[in-house]
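A.B. asks: Using only what follows, build the 3D model:
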Amino acid sequence: MTASFAPFNMAFLSWVALVPLFVALNGASLKEGLYLGFIAGSVHFITLLYWIIVALGHYGGLNIFASIGILLLFVSYLALFPAIFSCLFLFLKDCLFYGIAVSACWVSLEYARAHLMTGFPWCLFGYTQYKNLYFLQSADLFGVYGLSFLIVLVNVSLWSVIFKRRNKGVWIETIITVVVVFATLGYGYHCLSRPFSSQKHVKDIKVLIVQGNIDQSVKWNPDFRRKTITTYMDLTEKGIISGADLVVWPETSLPCFFQDNKSIQMLLAGLVKRGGILVFGSPAYSMKGGVLRYYNRAYMLSPYRGGDIHVQYYDKVHLVPFGEYVPLKTVLGFINRIVPAAGDFEAGNKIKLLTADGLKIGVLICFEAIFPSLARFHSQIGANILINLTNDAWFGRTGAPYQHLSMAVFRAVENRLPMVRAANTGISAIIRQDGRIVAKTDLFRRTTILHSINIYRYEPTFYVRYGYLFPVLLIFLSVLILIHRLKVQKMVSAQ
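C.D. replies: As a prediction, the model looks like this:
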């Protein structure tokens, strides 16, 4: 129904994707609308998230029936949002500026999905436009929610003009929709025509991304550990010859505790002395209050005065529920984790930058890249580049790696920061501040990317300054419209 089409470069379908649902809802009761919305949502989310079966079954060790059961349970929860939307679509019929009201309700529900139960803003409607550079630029104003609103507004206008009565209100709202679409395109053209040189230049760097393509089924096998490290070292040595300033390895690229392994520390220190800054992922632990706590950590090693190596790290603050930890563990503790690592992971206690040689790096580890607020906070505290370390091997050869990439593109545009994305099995990529993917890898290929990046410091974007102002205003508008509609219904009933 929405973003599941994005990997196949069929983003144009999103502009008409809701019209069939609107046609089906025409004349339906609220109860029927609830059923129709739930069915439509279920079909959409099954086709969007089918890769969960691969993650749970092939890599998580669950049998096919348990994997399908978990997928259907999750889909049933997510399908409630389009079900509620369908009811609101019917309930608000004949209200003034119907398209705006319906679009506001859609964004309100997307915002709710992004925050309820730890949040799952995977492939919101706006993400379908990640390759549409002219529409994409508006993300630095309103984030992904702005495009979600616009796409729904276009869908409602098309349905109204083609299938609904032709009254004055419909045509006025259609004109408003056309104006907003062209204003968005105009803004995109303006942004893309601005040279980066008009911004404050920080520095130019040559980045080496190393994609080790380590099979998830053997990644944590101690017997395979030396081969994994050798793979990354060999690929990096070849890139260093070309003068890389920054080397980036994926999430948990070191399948061991870096903090304890002196031999690996010396090995990587030698690499840094020859090749500049190294950012990589590794599990970590600490003892707090007599309790052993584990972290999903990103390390940065950089040359320091006197030939020393400076070590900094960032611990992942937004963990994957049921993957890296079990929420409500006292109630749901019987559920096994997906990740075959020792113990539960603990969330990091704060977001912080990794800094060296003029670079102020905001790190997003895997799942964190789908949460706009995390990248935004990095930008607010001064980041001039974003790095996304991820391990998409869990997804197999499905649409999920492409979906994951599409969301990372928005983080670059929202904050006007370049994004370096290192993925174990792909898709690794370099994304410019305007959302252009200037280099990327294929899936399941052992390879590297060596590419120059121009680091500029933009003034904080409207989105960085005001964050979720747009969706919050739409939520407020939705509530006012619903209250007004309820009052009208009550008055009609009283007569």
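A.B. asks: So L73, which state does it fall into?
C.D. replies: helix (DSSP: H, G, I helix; E, B strand; the rest coil).
A.B. asks: residues contacting it?
C.D. replies: Listed by C-beta atoms under 8 Å, 6 or more residues apart in numbering, L73 has no contact partners. Using the backbone N, CA and C atoms, a C-beta is placed for each residue, glycine as well.
A.B. asks: Please apply the same query to T425.
C.D. replies: By C-beta under 8 Å, 6+ apart, the contact list for T425 reads Q211, N213, I214, Q216, N391, D392, A393, P401, L443, F444.
A.B. asks: And for C105?
C.D. replies: F85, L88, F89, L92, S478, I481.
A.B. asks: S76 now?
C.D. replies: Counted by C-beta under 8 Å, 6+ apart, S76 has contacts S42.
A.B. asks: Could you find the closest non-adjacent residue to V272?
C.D. replies: Of all residues not flanking V272 in the chain, L301 sits nearest, at 4.7 Å (C-beta to C-beta, 6 or more residues apart in numbering).
A.B. asks: Surely the one you found touches Y313?
C.D. replies: No. Under the criterion of C-beta atoms under 8 Å, L301 makes no contact with Y313, lying 9.8 Å away.
A.B. asks: domain parsing for this structure?
C.D. replies: The chain breaks down by automatic domain parsing into domains covering 3-193+469-494, 200-460.
A.B. asks: Run the chain-centre distance for the last one.
C.D. replies: It stands for domain 200-460. 15 Å (C-alpha atoms, centre = their mean, to the nearest Å).
A.B. asks: mean confidence for it?
C.D. replies: Domain 200-460 carries an average pLDDT of 89.
A.B. asks: distance between the ends of it?
C.D. replies: Its first and final residues considered, domain 200-460 spans 12 Å by C-alpha to C-alpha, to the nearest Å.
A.B. asks: just to revisit the earlier point, which members of the contacts of T425 are positioned in strands?
C.D. replies: Within those, residues falling in strands by DSSP state E are Q211.
A.B. asks: In helices, which of the contacts of T425 appear?
C.D. replies: Using DSSP state H, the members of these that fall within helices are P401.
A.B. asks: which two from the contacts of T425 end up farthest apart in space?
C.D. replies: Greatest spacing in these, by C-beta to C-beta: I214 and P401 (15.0 Å).
A.B. asks: Buried subset of the contacts of T425 as a PyMOL selection?
C.D. replies: Of these, the buried ones go into a single PyMOL selection, burial set by 16 or more other C-beta atoms under 10 Å:
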select buried, resi 211+213+214+216+391+392+393+401+443+444
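A.B. asks: out of the contacts of T425, who's nearest D344?
C.D. replies: D344 has its nearest neighbour among these in N391, at 18.0 Å by C-beta to C-beta.
A.B. asks: give the contact list for that closest one.
C.D. replies: N391 touches Q216, P250, E251, T252, G281, C366, A423, N424, T425, counting by C-beta under 8 Å, 6+ apart.
A.B. asks: Could you pull up the contacting residues of the closest residue in space to the first one that isn't next to it in sequence?
C.D. replies: Right, Q216. By the measure of C-beta to C-beta, 6+ apart, the closest residue to Q216 outside its immediate chain neighbours is A393, 4.0 Å from it. Contacts of A393 were listed using C-beta under 8 Å, 6+ apart, and they are Y59, I214, D215, Q216, K219, N424, T425.
A.B. asks: swap the cut-off to 7 Å and go again
C.D. replies: Q216, N424, T425 (C-beta atoms under 7 Å, 6 or more residues apart in numbering).
A.B. asks: How about the residue nearest to the spatial centre of the chain, nearest residue that isn't a chain neighbour?
C.D. replies: Centroid-nearest residue in the chain: I370, 2.1 Å away (criterion: C-alpha atoms, centre = their mean). Spatial nearest neighbour of I370, excluding adjacent residues (C-beta to C-beta, 6+ apart): M407 at 4.8 Å.
A.B. asks: that older thread, neighbours of the residue nearest to V272, how many?
C.D. replies: For L301, the neighbour count with other C-beta atoms under 10 Å is 25.
A.B. asks: what's it in contact with, if anything?
C.D. replies: L268, A269, V272, L278, I309, V311.
A.B. asks: Doesn't it belong to a strand?
C.D. replies: Yes. The assignment for L301 by three-state DSSP puts it in a strand.
A.B. asks: coming back round to it: who wins on neighbours among the contacts of N391?
C.D. replies: P250 (31 neighbours).
A.B. asks: shouldn't it be in contact with T390?
C.D. replies: Yes. Contact criterion C-beta atoms under 7 Å: P250 and T390 qualify, at 6.3 Å.
A.B. asks: Need the overlap of contacts for these two.
C.D. replies: Joint contacts of P250 and T390 (C-beta under 7 Å, 6+ apart) are A423.
A.B. asks: thinking again about what came up before, among the contacts of C105, which are in helices?
C.D. replies: Among the contacts of C105, the ones falling in helices (DSSP H) are F85, L88, F89, S478, I481.
A.B. asks: mind checking how far the fourth one is from P471?
C.D. replies: S478 sits at a distance of 10 Å from P471 (criterion: C-beta to C-beta, to the nearest Å).
A.B. asks: Near G169, how many other residues are there?
C.D. replies: G169: 16 neighbours (other C-beta under 10 Å).
A.B. asks: Measure how buried V438 is and give me the count.
C.D. replies: Neighbourhood size, V438 [other C-beta under 10 Å]: 13.
A.B. asks: same question, L359
C.D. replies: Residues lying near L359 (other C-beta under 10 Å) number 22.
A.B. asks: cool, and A183?
C.D. replies: Using other C-beta under 10 Å, A183 is surrounded by 12 other residues.
A.B. asks: In three-state terms, label it for me.
C.D. replies: A183 is classified as helix under three-state DSSP.
A.B. asks: I'd like the distance from it to L133, if you could.
C.D. replies: 16 Å.
A.B. asks: One more: S253?
C.D. replies: Taken as C-beta to C-beta, the span from S253 to L133 is 31 Å.
A.B. asks: Compare those two (neighbour count), which wins?
C.D. replies: Taking other C-beta under 10 Å, S253 and L133 do not tie; S253 has more neighbours (26 against 17).
A.B. asks: Confirm that that one sits in a strand.
C.D. replies: No. The assignment for S253, made by three-state DSSP, is coil rather than a strand.
A.B. asks: residues contacting it?
C.D. replies: Residues near S253 by C-beta under 7 Å, 6+ apart: G212, Y232, F280, G281, N424.
A.B. asks: List the contacts of the third one.
C.D. replies: If a contact means C-beta under 7 Å, 6+ apart, then F280 has W249, S253, L254, Y299 as its contacts.
A.B. asks: Let's see that with 8 Å instead.
C.D. replies: Counting by C-beta under 8 Å, 6+ apart, F280 touches Y232, V248, W249, P250, S253, L254, L268, A298, Y299, L389.
A.B. asks: The last one in helix, strand or coil?
C.D. replies: Look at L389: counting by three-state DSSP, its state is strand.
A.B. asks: That one: neighbour count?
C.D. replies: Applying other C-beta under 10 Å, I find that L389 has 29 neighbouring residues.
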